[in-house]
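okay, sequence plus prediction incoming.
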Amino acid sequence: MSAFDYDLFVIGGGSGGVRAARIAAGHGAKVALAEEYRMGGTCVIRGCVPKKLMVYASGFPAAMEEARAYGWDGEVGRFDWTAFRTRLEAELDRLEGLYRKGQTSAGVEIHDCRATVAGPHEVKLADGTVKSAKHILVAVGGKPFVPDFEGCEHVLTSNDIFHLETLPKRMLIVGGGYIACEFACIMNGLGVDVTIFNRSELLRSFDTDARDVIVEQMQRAGIKIRTGIVIDKIDRQGDSYHIHASDLRDEVYDKVLYATGRVPTTDGLGLEAAGVKLGLRGEIEVDDWSQTNIPSIYAVGDVTDRIQLTPVAIREGNAFADTVFGNKPWTMDHTMVASAVFTQPEFGTCGQTEDEARAEGPVEVYVSSFKPMKSAFAGNPDPVFFKLVVDKATQIVKGCHIVGPDAGEMIQMVAIAMKMGATKAQFDATCAVHPTMAEELVTMKAPVRTE
Ligand code: NDP
């Protein structure tokens, strides 16, 4: 008989938490999980899933235009946001139900309430009840960060977008990362007049050539992009928002969305009182095993601010559960993690940018940019873009950057080869699949740059 109520108490029912809870329960642990909002967390409820459905929704006008070039007769009519949102909500309810069922079927006890850490082995529920656990896993994720300025209370964040009553006519999006660029393309596709303001270049941390291609196509699609702007005041006048920034005349928008990064949600979680070490951004400091300085307390996912991606949180949660409860120790390898930015055009990326790779030594850079068959036939001028960054000495492919339709799907496949340490010669030894866009990955013969 254990001295604790549970072997594991998980705080947070997002991607990392539910995976850890289910795997630990599968290994025979007695597990409880507390979630204060909805099961599924950011990814399912207010992130990847609803966002991707909105990406699909926003793609139909362009698809219809292409269809006409292929001989189809028809027009896209008016977009019914309310009808879409109702369906989206039903889908999220369904998914939340599946997440809940996955937990209960595995034997995890769910507490639908906020929980905080009350000690190395204690968790306090919202009603004041204290539960004890041999291990505690904190997987509470992150939240949008909005800088502090006059009128910042008027802005929306990505949490609010799915709940809008109506779509705005003119929208300002502030930021230049994943979320800002994705929502700019979504809203533009849905017929909203979109402007982006960012303090620096868009997609700054990504490969320069790739991001130039994306930015150019976003602009061609009608998105207005202004860099080097920091807003110092937003005035609300009725239903419109007046923007004040240096070098800017009074500009007016119907909605302002801030997508200026996300920060760990550690406020008021009782971590400092329990002695858990936090970093400068409030992130929980963990070692490779996701263990904090308090041996019984672990943390996975965005709350640790390692790589803020769903599949990373899932693997961290899985590794933790296998290690602590399954007698199968392993750690998440945070290198060569591929990701996709669901802009239009889509962007898939894995490994180093050209600049990062060059900082480590001489590289060979292979680039292919061309109009793909499907959209070229329809008269669309937008090219697709493929780039491989190869280490000159070892010939290992250190970076791959793809811009174009289904780039996210393609980069997942390339990531397997890259994770295995494939060389350019091994890419080239693979016979092409024809006619595809992806065949460029194995047919790029001469480097465009070598130094
Ligand atoms: P990002 O970190 O991607 O981008 C933040 C942007 O905000 C940058 O352009 C940054 O500018 C700007 N910024 C940061 N601080 C300020 C400030 N104080 N004032 C003005 N501008 C500021 O954050 P996101 O919010 O877009 O996304 C958060 C995370 O969520 C991402 O890092 C990603 O890991 C994850 N995510 C992943 C998705 C996917 O996989 N498809 C989709 C959505 C989110 P600068 O470049 O100058 O620093």
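Ah, there it is.

can you give me phi and psi for the residue of the stretch 151-300 of the chain found nearest the ligand?
In the stretch 151-300 of the chain, the residue that lies nearest the ligand is Gly177 (2.0 Å; Cβ to the nearest ligand atom). Yep, even glycine has a C-beta here, placed from its N, CA and C like the rest. The phi/psi pair for Gly177 (degrees, to the nearest 10) reads phi -100, psi -160.

report the contact partners of it.
203-205, 259-261 (Cβ atoms under 8 Å, 6 or more residues apart in numbering).

show only the entries of the residues you listed found in helices.
Per DSSP state H, helices hold no members of the contacts of Gly177.

filter those by proximity to the ligand?
Among the contacts of Gly177, the residues that sit close to the ligand (Cβ under 6 Å from any ligand atom) are 204, 259-261.

before we move on, back to that, whichever of the contacts of Gly177 end up buried, select them in PyMOL.
A single PyMOL command is used to select the members of the contacts of Gly177 judged buried by 16 or more other Cβ atoms under 10 Å:
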select buried, resi 203+259+260+261
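
closest one to Gly28 out of the contacts of Gly177, please.
Nearest to Gly28, judged by Cβ to Cβ, of these is Gly261 at 39.6 Å.

next, the contact list for that closest one, please.
By Cβ under 8 Å, 6+ apart, the neighbours of Gly261 are 144-145, 175, 177.

same thing with Asp288?
Asp288 neighbours (Cβ under 8 Å, 6+ apart): Thr331.

closest to Pro381 out of the contacts of Gly177?
When those are compared against Pro381 (criterion: Cβ to Cβ), the nearest one is Leu203, at 21.2 Å.

quick check: the closest one touching Cys181?
Yes - judged on Cβ atoms under 8 Å, Leu203 makes contact with Cys181 at a distance of 6.2 Å.

what do those two both touch?
214, 341.

can you confirm Pro435 is in a helix?
No - read with DSSP: H, G, I helix; E, B strand; the rest coil, Pro435 is coil and lies in no helix.

where does Asn159 sit, in terms of helix or strand?
For Asn159, the enclosing helix or strand under DSSP states H and E is helix 158-161.

same thing with Asp209?
Going by DSSP H and E, Asp209 is in helix 208-220.

repeat for Pro61
helix 60-69.

what parts of the stretch 51-200 of the chain come near the ligand?
Counting by Cβ under 6 Å from any ligand atom, the stretch 51-200 of the chain sits next to the ligand at 147, 175-180, 182, 198-200.

how about the helices in the stretch 51-200 of the chain?
With DSSP state H, counting those that start in this stretch as the criterion, the stretch 51-200 of the chain has helices at 60-69, 81-105, 158-161, 178-189.

any idea how far the last one is from the chain center?
This points to helix 178-189. Centre-to-centre, helix 178-189 and its host chain are 13 Å apart (Cα atoms, centre = their mean, to the nearest Å).

give me the mean pLDDT for it.
Throughout helix 178-189, pLDDT has a mean value of 98.

how close does the residue nearest to the spatial centre of the chain sit to the ligand?
Centroid-nearest residue in the chain, with Cα atoms, centre = their mean: Leu309, separated by 5.2 Å. Distance, Leu309 to the ligand, by Cβ to the nearest ligand atom, to the nearest Å: 5 Å.

pop out the phi and psi values for the closest residue in space to that residue that isn't next to it in sequence.
Spatial nearest neighbour of Leu309, excluding adjacent residues (Cβ to Cβ, 6 or more residues apart in numbering): Ser339 at 5.9 Å. Per-residue torsions, Ser339: phi -150, psi 170 (degrees, to the nearest 10).

hmm, Ser339 is touching Gly351, no?
No - applying Cβ under 8 Å, one finds Ser339 not in contact with Gly351, separated by 10.9 Å.

the two: which is more packed in?
Gly351 (24 against 20; other Cβ atoms under 10 Å).

so what's the residue count around the closest residue to the ligand within the stretch 1-150 of the chain?
Closest to the ligand within the stretch 1-150 of the chain is Pro147: 3.9 Å, counting by Cβ to the nearest ligand atom. Pro147 has 13 neighbouring residues, counting by other Cβ under 10 Å.

residues contacting it?
For Pro147, the contact set (Cβ under 8 Å, 6+ apart) comprises 258, 260.

give me the element the closest residue to Val312 other than its chain neighbours is part of.
Distances taken as Cβ to Cβ, 6+ apart put Val337 closest to Val312, at 6.3 Å, once the chain neighbours are dropped. Using DSSP H and E, Val337 maps to neither a helix nor a strand.

okay, now Val337: neighbour count?
Neighbours around Val337, by other Cβ under 10 Å: 18.

next one: Phe84
By other Cβ under 10 Å, the residues close to Phe84 number 15.

surely it is in contact with Ala57?
Yes - between Phe84 and Ala57 there is a contact under Cβ under 8 Å: 5.6 Å.

you'd agree Ile234 is in a strand?
Yes - under three-state DSSP, Ile234 sits within a strand.

distance of it from Ile243?
6 Å (Cβ to Cβ, to the nearest Å).

overlap in contacts, the two.
Val256.

in stretch 230-250, which residues are buried?
For stretch 230-250, using 16+ other Cβ under 10 Å, the buried residues are 231, 234, 241, 243-245.

check stretch 307-318 too.
Buried, per 16+ other Cβ under 10 Å, within stretch 307-318: 308-310, 312-318.

and that stretch, C-alpha only, in CSV?
Only the C-alpha atoms of stretch 307-318 are listed here, as CSV (Å, rounded to 0.1, in the frame of the first residue of the first chain):
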residue,chain,number,x,y,z
ILE,A,307,10.7,24.0,-28.1
GLN,A,308,7.1,25.2,-28.1
LEU,A,309,5.6,22.5,-30.3
THR,A,310,2.9,19.9,-29.6
PRO,A,311,4.9,16.8,-30.8
VAL,A,312,7.8,17.9,-28.6
ALA,A,313,5.5,18.1,-25.5
ILE,A,314,4.1,14.7,-26.4
ARG,A,315,7.5,13.1,-26.7
GLU,A,316,8.7,14.7,-23.5
GLY,A,317,5.6,13.4,-21.7
ASN,A,318,6.1,9.9,-23.1
